[in-house]
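Student: Return a 3D structure for these sequence lines:
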Amino acid sequence: MNSEINKFKDILTRNRGNVFVVDPHTGEEFTYGDIERFSLQLAGMLSRSGIKKSYKVAIFLPNCVEFIIIYFACMHLGAIAVPVNHKLHPKEAEYMLSNTGAEFLFTSSSLAEAMNGAGISVKHMFSFTPCNEKGGKSREDTDGFFSWIRQQEAYVNGVFSGIEDTDTFVIVHTSGTTRRPKGVMISYGNIIRHSFTFSKTLAFRRGSRFYTILDLAYLGGFHNLMFIPFACQGSIVLDKTFSPRMAVVFWPNVAKYKIDTLWLVPSFLSLLLSLDRSDMKVKHSVEKALVGTAPLALSLKERFEKKYSVTLYENYGLSETFFLSTNAPAFPFNKGVGKPIEGCSVAIVNEEGRMCGAGERGEIAVKTDYIMKGYYEDPEETKMRFKDGMFYTGDIGHLDEEGHLFVSDRKKDMIIKGGINISPKEVEEAVMMHPEVSEAVVVGFPNEYSGEEIVAVVNVNRGSSLKENDIKLHLRGHLASFKIPERIYLNMEVPRSVTGKVQKNKLKDILNRESKGHKGQV
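Tutor: Take a look at the predicted model:
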């Protein structure tokens, strides 16, 4: 084992008696020692099932402490974790399983039923009811995940054995401009090194307590709110992913569990404000509140800060790069998405490939010590993203005179809804699978609640009586519910360039004028 892995091993050794995870649904606490013991027992079971280093272990679960234990079990073995968003349609999940060749799948009992109903199977599957689900079992009950784990013999090779910094820890899927999501390969060394660097930049202290309300299947969940808290020897309150129902208990939980660090997305801020009708000041223990994953409107930032007396620090990064820049309390200014962190450099490049000066807009290109290993089994796409040793993000922005980064637009045709990237092309192709559809164009529109909403223009075959609800019903058989357009316009002329390419910016202008008269479902 080399140095980065040893740092994590040392943290386990020094903190065995300290709390790492708090489950607000069951009231249970799990120490670093609990996580070590349970994950080693699970690793022993996986090893006896034939799972070895570099084998793929898929995790199709909602946020729960079992999710974290599975991650750590994979780390002991050197197995590659393949997290899958539990809100995805079974057909979408099946693609990720087959694309990576996952040998083992952990899922909940309810999701297993849905997958079996869709005819999806894997070589090994273990399903259970997570502790924090209604009717779930605590670790003291006589059946369930933890009673089963306690019967297993621990992995004989011990903690994080036989792992190198360059080994792949996880393949996390991210939507791209093509229909199929890309698998981003992340190494142990880079994610651990970045966790320590970011913790140092933000001055997270030992004992910092984070509120984990982002999905553990995405980088924002397992890196921001599992690895980074672990690196700073802190703890997490592990809740379900943020929702309108959770917004009601958000501040009470922050106060009850003495949470001092928040990691939010703009849609969360908007929802909290929209549901809070009180003029009373909220009592809380928050020391730092970070915001990322989607553009943050200045008006929303100012309203939230004024209402809750919390300073918001924006950051910027990609699944392929981790965080590239951030604001921090120690910095003299809180501007844009901050300055590049240690180990990262940012340049702005125009369409001719020339480096831009201060204030000049162009594509954001970076050099970073924390770059991904590449896209899984897609060397061509990996190569396309690099030029002259720099990774091109596909985002548009500028640097000011002091080196603060501002992100103004996205070059790639991506929709960010509730902090999750959605490929318009994926939605378009799903619409086009309906036999009566002749054309589909999907764009994103600003939405204060979700960041962006999905809007589609659908042209149907002559003589078709297809309606908006018919298309939505069709999409429910192919896409996750959050990918289904909120608005669908039927039989509208789509603006095109002289070469026949759809001009989406012009289409957005047309739709903006039409939106007030739209009568479809939202």
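Student: give me phi/psi at Leu296?
Tutor: phi -110, psi 120 (degrees, to the nearest 10).
Student: what about the nearest residue to it once chain neighbours are set aside, how many residues close to it?
Tutor: Residue nearest to Leu296 in three dimensions, not counting chain neighbours: Pro266, with 4.9 Å by Cβ to Cβ, 6 or more residues apart in numbering. All C-beta atoms are positioned from the backbone trio N, CA, C, and that covers glycine. Other residues near Pro266 come to 28 when the count uses other Cβ atoms under 10 Å.
Student: next one: Asn327
Tutor: 24.
Student: that older thread, surely the residue nearest to Leu296 and Leu298 touch.
Tutor: No - counting by Cβ atoms under 8 Å, Pro266 does not reach Leu298; the two are 11.1 Å apart.
Student: Quickly list the domain ranges of this structure.
Tutor: Domain ranges of the chain: 333-411, 415-517, per automatic domain parsing.
Student: mind putting the ones you listed in a markdown table, distance to Ala43 included?
Tutor: Shown next, in a markdown table, are those (distance: least, Cβ to Cβ, whole Å):
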| stretch | distance to Ala43 |
| --- | --- |
| domain 333-411 | 23 |
| domain 415-517 | 30 |
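Student: Save those as a markdown table, and put in mean neighbour count too.
Tutor: Listed next are these as a markdown table, based on neighbours: other Cβ atoms under 10 Å:
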| stretch | mean neighbour count |
| --- | --- |
| domain 333-411 | 17 |
| domain 415-517 | 17 |
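Student: following the helix or strand that contains Ala255, which helix or strand comes up?
Tutor: In this assignment (DSSP states H and E), Ala255 forms part of helix 244-256. Sequence-wise, the next helix or strand downstream of helix 244-256 (DSSP H and E) is strand 261-264.
Student: what's that following strand packed up against?
Tutor: With contacts taken as 3 or more Cβ pairs under 8 Å, 6 or more residues apart in numbering; DSSP states H and E, strand 261-264 sits against strand 209-212, strand 288-291.
Student: what secondary structure does the spatially closest residue to Met372 that is not a sequence neighbour sit in?
Tutor: Of all residues not flanking Met372 in the chain, Glu320 sits nearest, at 4.4 Å (Cβ to Cβ, 6+ apart). Assigned with DSSP: H, G, I helix; E, B strand; the rest coil, Glu320 falls in the coil class.
Student: Model confidence score at the residue located most distally from the centre of the chain, please.
Tutor: Within the chain, Gly463 marks the point farthest from the mean C-alpha position, 42.5 Å out by Cα atoms, centre = their mean. For Gly463, the model assigns a pLDDT of 85.
Student: before we move on, what about the one 10 residues further on?
Tutor: The predicted local confidence for Leu473 comes out at a pLDDT of 96.
Student: One more: the one 3 residues further on?
Tutor: At Arg476 the predicted local distance difference test score is 94.
Student: I figured it hits Ile484, correct?
Tutor: Yes - counting by Cβ under 8 Å, Ile484 is a contact partner of Arg476 at 6.8 Å.
Student: What strand or helix carries Glu302?
Tutor: Per DSSP H and E: helix 298-308 holds Glu302.
Student: Provide the angle between the direction of that helix and the direction of helix 244-256.
Tutor: 50 degrees (axes from the mean of the first three to the mean of the last three Cα atoms, to 10 degrees).
Student: Residues contacting helix 298-308, please?
Tutor: Applying Cβ atoms under 8 Å, 6 or more residues apart in numbering, the contact partners of helix 298-308 are 266, 269-270, 272-273, 276, 282, 284, 286, 291, 310-312, 314, 448.
Student: show me what contacts Thr368?
Tutor: Here Thr368 is in contact with 321-322, 324, 343-345, 391 (Cβ under 8 Å, 6+ apart).
Student: Quick check: bridge partners of it?
Tutor: Beta bridges link Thr368 to Cys344, judged by DSSP bridges.
Student: Find the nearest non-adjacent residue to Tyr390, please.
Tutor: Quick fix: residue 390 is Met, not Tyr. Ala365 (4.3 Å).
Student: just to revisit the earlier point, flag every buried residue along the helix holding Glu302.
Tutor: For helix 298-308, burial by neighbour count (16 or more other Cβ atoms under 10 Å) applies to 300-301, 304, 307-308.
Student: Restricting to C-alpha, output it in CSV.
Tutor: The C-alpha coordinates for helix 298-308 follow below in CSV (Å, rounded to 0.1, in the frame of the first residue of the first chain):
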residue,chain,number,x,y,z
LEU,A,298,-27.3,36.1,-7.3
SER,A,299,-30.8,37.1,-6.2
LEU,A,300,-31.4,33.6,-4.7
LYS,A,301,-28.0,33.7,-3.0
GLU,A,302,-28.7,37.1,-1.4
ARG,A,303,-32.3,36.1,-0.3
PHE,A,304,-31.0,32.9,1.4
GLU,A,305,-28.1,34.6,3.1
LYS,A,306,-30.3,37.4,4.5
LYS,A,307,-33.1,35.0,5.6
TYR,A,308,-30.9,32.5,7.4
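Student: average pLDDT for that helix?
Tutor: So the average pLDDT for helix 298-308 ends up being 89.
Student: before we move on, the earlier item: let me know whether the residue nearest to Met372 touches Tyr370 as I believe.
Tutor: No - between Glu320 and Tyr370 there is no contact under Cβ under 8 Å: 9.5 Å.
Student: pLDDT value on Ile59, please?
Tutor: At Ile59, pLDDT is 97.
Student: Mind giving me the packing neighbours of the helix holding Ala255?
Tutor: helix 266-275.
Student: Can you get me a residue count around Met280?
Tutor: 6.
Student: where does this structure dip in pLDDT?
Tutor: Along the chain, segments meeting pLDDT under 70 span 1-2, 134-137, 142-143, 175-179, 410-412, 497-501, 516-522.
Student: That'll do, ta.
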